[in-house]
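# Let me see the structure of the following:
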Amino acid sequence: MKVILDTHTLLWAIINPELLSRKASRILEDGTTDVVISAASAWEIATKVRLGKLPRAEAFEHDFVRTINDLGYELLSIDTETALRAGRFSAAHGDPFDRMIAAQALALDIPIVSKDRQLDQFGIRRIW
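Alright, predicted model coming up:
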């Protein structure tokens, strides 16, 4: 199975794993799961750390790439075609990070591991 993590899921997995659902925990613990992390999550975390909104994530943000690599997760860049798809969504959801992660999930045809039901309006498959 291949999945993409929503930013909060990634943060919880690293900082507060007790906040993950049982299903999300099982997916992340399963050695056969290919986990994808969007560049949008790196952008979102760095932005929120800079603004003081994620003080507990400062160390993670500082070592983001190394931590993701150590976990064996795949880093996914943002390409132009997917950026256009994210911008063209007609859904009212305004969060640019969520829009990008949803567009990437659709482009890769993989589910998003997320508690956020608002993502459903993008027509994605969501696991929680």
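# contacts and neighbour counts: CA atoms only from here.
OK.
# what about L19, distance to L76?
According to Cα to Cα, to the nearest Å, L19 stands 24 Å off from L76.
# likewise F97?
13 Å.
# who has more neighbours, these two?
Neighbours were counted for F97 and for L76 using other Cα atoms under 10 Å; F97 has more, 19 against 15.
# so the more buried one sits in a helix?
Yes - under DSSP: H, G, I helix; E, B strand; the rest coil, F97 sits within a helix.
# Please tell me I have it right and it contacts A40.
Yes - the pair F97 / A40 is scored as a contact, 5.4 Å apart, by Cα atoms under 8 Å.
# Quick check: T82 is in a helix.
Yes - counting by three-state DSSP, T82 is found in a helix.
# ok, how many other residues are close to it?
T82, neighbours per other Cα under 10 Å, totals 20.
# and it, how far is that from I27?
T82 is 25 Å from I27, by Cα to Cα.
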